[in-house]
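# got a predicted structure plus its sequence, pasted below:
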Amino acid sequence: MTEVDARGTGESETAAPAGPMIEVDRLRVSYGTETALQDVSFSVERRASCAVIGPSGCGKTTLLYALAGLLKPDEGRIRIDGAPLEAIRPATGLILQEYGLLPWKTVRDNIAFPLRSRGLDRHRRRERTDAILGDLGIGDQSDKFPGELSGGQRQRVAIGRALALEPDLLLMDEASSALDAMTRERIQNLVLGIFRKRPVTLLLVTHSIEEAVLLGGSILVMAQGRIRSRVDNPCFGLPDARDAQAFHDLCRIIRRELHETA
Amino acid sequence: MRRPDGPARVPRQRPFAPLLRTVYAVLCLLASWTILHVAIGSAIVPSPWVTAAAFVDLLPGALGLHLLSSLGRILAALSASLLLGVVVGLWTGLSARSDRWIAPIVYLLYPLPKIAFLPILMILFGLGNAPKILLIVFILVFQVLLAVRDGVREIPAEWFLSVRSTGLGRGGLLVHLVLPAILPKLLTAVRIGIGIGLSVLFFAESFATTYGIGYFIMNSWLLVDYPDMYAGILAMSLMGWMLFSLVDLLESRACRWVRVGKT
Ligand SMILES: Nc1ncnc2c1ncn2[C@@H]1O[C@H](COP(=O)(O)OP(=O)(O)OP(=O)(O)O)[C@@H](O)[C@H]1O
Ligand SMILES: [Mg+2]
């Protein structure tokens, strides 16, 4: 993996607010000799939500890393917020399933530590951290270590860390795949709530067809390092979408897409 | 790392439990010492009480000075080994290229019987503190270095990505990710280092030296003054015990998270 400068480009203020939030053009990413992504092109509008689904090993996490500026593409271009992605963007939040939290930091410190390098003083860090912990319903857990939390609480903290950085783009990898059904629904509702309340563009990777249809305004179906199809989701944002007939119809369509590509 | 989500338990201890266990260990030691003393029935194993009397008598005077000079040497050697070992360990752990150049040298030097070089060190650096400290550093630095390097290598790449995605630079990665992650391993290396360092120090101090607890013990032995010799051994053990306790204290403060979620 290539080292990328951690500073932002600072172009976001000057970039035109129109146009899509994410533009990916013929992206190719490889690990040494193994190609993980090829000929990937898509775009996601501002304040839209996009779900990426595909079989294990098809390159979903790789795509997320590339969009986060953590992997340098071999070919192709990525533009975020109108500007070419050349470094890690301060306003992009990345949420990883397993490795989001540092076990030696308390819940509060896990959320607050990146804020120090953003020039927030102790008081403002504390204020913002506590506000987010309260929003996520884990205010009473703030002095615990991640090892003392349940899986769902841990996921909330990981989401909280990303939100504390006030991102305009949230990238989530398998945000709820390790959770039980009830907790998963709660995290999904939490993500939907965040999406409605904040001016944020969402790109989330998932294994679950239901989750893709629930959380993605559009759905990218991937296989073997390529995007096979893009499905627009009319059910997105419907109240009680999980019970709607259209929801289940779309799940069936996606399932068929996945099987055809396999 | 991830375990089924049961209730995460933190073992809570009553505050005097560690003290109680220390008392228990001391009692065991005293009991076996007394049994040995009675069973052997010779001056080579004086009774604990005679030893304690000699210890109390000598500590404010000569023994205290010997002890302090040994303590100074061991602390200097530990600090130097830690500084050098951590810096080189981080460097080799974080950069595969530097590891390719440094690891072969380390693997050649690590198994050398370094204690055999004491006479050479004494010729080069005289009879003062330098050769003793250098010998210990020469032995400990490799352990620290390897513990740090392997600790760094065990950090999952995803953690680096996750922390870097927040915009932190190299310094932030070191402070928030790498150093806390290797700390438990490092403290284990320090513990082993204290044990080895003390025995090497004893050896180094029993040659051509007139200060240090090793010298005091060997000298009392030559003078056939067994209570004094045992008082010296007692002093050395207490020094080791204090150093170990210090590391334990540090660990319980800085590495509380390691115990969290483990029953
Ligand atoms: N660090 C790496 N070094 C080499 N190859 C890698 C690395 N990470 C991923 N790959 C390879 O790249 C391909 C895509 O991996 P990626 O992790 O992006 O898949 P994924 O779609 O996220 O899978 P999953 O759903 O199981 O998380 C896989 O074939 C994988 O073997
Ligand atoms: Mg993945």
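Structure's in. What do you need? Ligands and ions are numbered 1, 2, ... in the order given.
# helices or strands up against the strand or helix carrying residue B:28?
Per DSSP states H and E: residue B:28 is located in helix B:17-40. On a contact count with 3 or more Cβ pairs under 8 Å, 6 or more residues apart in numbering or on different chains; DSSP states H and E, helix B:17-40 meets helix B:48-58. Where C-beta positions appear, they are placed from N, C-alpha and C, glycine not excepted.
# so what touches the helix holding residue B:28?
Helix B:17-40 is contacted from outside by B:45-48, using Cβ atoms under 8 Å, 6 or more residues apart in numbering or on different chains.
# ok, and the most crowded of these?
In terms of neighbours by other Cβ atoms under 10 Å in any protein chain shown, the contacts of helix B:17-40 top out with residue B:46 at 21 neighbours.
# can you confirm that residue is in a strand?
No. Counting by DSSP: H, G, I helix; E, B strand; the rest coil, residue B:46 is located in no strand; its state is coil.
# wait, what's in contact with it?
Applying Cβ under 8 Å, 6+ apart, the residues near residue B:46 are B:37, B:226-227, B:230.
# quick check: domain ranges of chain A?
When chain A is parsed with automatic domain parsing, its domains come out as A:5-91+A:168-261, A:103-166.
# who's in contact with whichever strand or helix holds residue B:172?
Per DSSP H and E: residue B:172 is located in helix B:170-173. Contacts to helix B:170-173, defined as Cβ under 8 Å, 6+ apart, come from residues A:114, A:117, B:160, B:163-164.
# rewinding a little: of the contacts of helix B:17-40, closest to residue A:24?
The closest of these to residue A:24 turns out to be residue B:48 (Cβ to Cβ; 77.3 Å).
# and for residue 64, the neighbour number?
All of this refers to chain A. The burial count for residue A:64: 24, using other Cβ under 10 Å.
# right idea, wrong chain: chain B
12.
# try residue A:126
Using other Cβ under 10 Å: residue A:126 sits among 14 other residues.
# cool, and residue A:195?
For residue A:195, the neighbour count with other Cβ under 10 Å is 21.
# please report how far it lies from residue A:237.
As for residue A:195, its distance to residue A:237 is 9 Å (criterion: Cβ to Cβ, to the nearest Å).
# repeat that for residue A:32.
Residue A:32 is 41 Å from residue A:237, by Cβ to Cβ.
# so where's chain A uncertain?
Filtered on pLDDT under 70, chain A yields the residue ranges A:1-17, A:262.
# what residues does it have near chain B?
By the rule Cβ under 8 Å from any Cβ of the partner chain, the part of chain A lying against chain B is A:1, A:6-8, A:65, A:68-70, A:88, A:90, A:92-94, A:96, A:98-100, A:102-105, A:113-114, A:117-118, A:145, A:147-151, A:161, A:165, A:178.
# of all of the stretch 151-262 of chain A, which residue lies closest to ligand 1?
Closest to ligand 1 within the stretch 151-262 of chain A is residue A:207: 6.0 Å, counting by Cβ to the nearest ligand atom.
# name the nearest residue to that residue, ignoring sequence neighbours.
Take residue A:207 and drop its neighbours on the chain: the residue closest to it by Cβ to Cβ, 6 or more residues apart in numbering or on different chains is residue A:177, 5.3 Å away.
# now residue A:108
Leaving aside its chain neighbours, residue A:108 sits nearest to residue A:142 (4.3 Å; criterion: Cβ to Cβ, 6+ apart).
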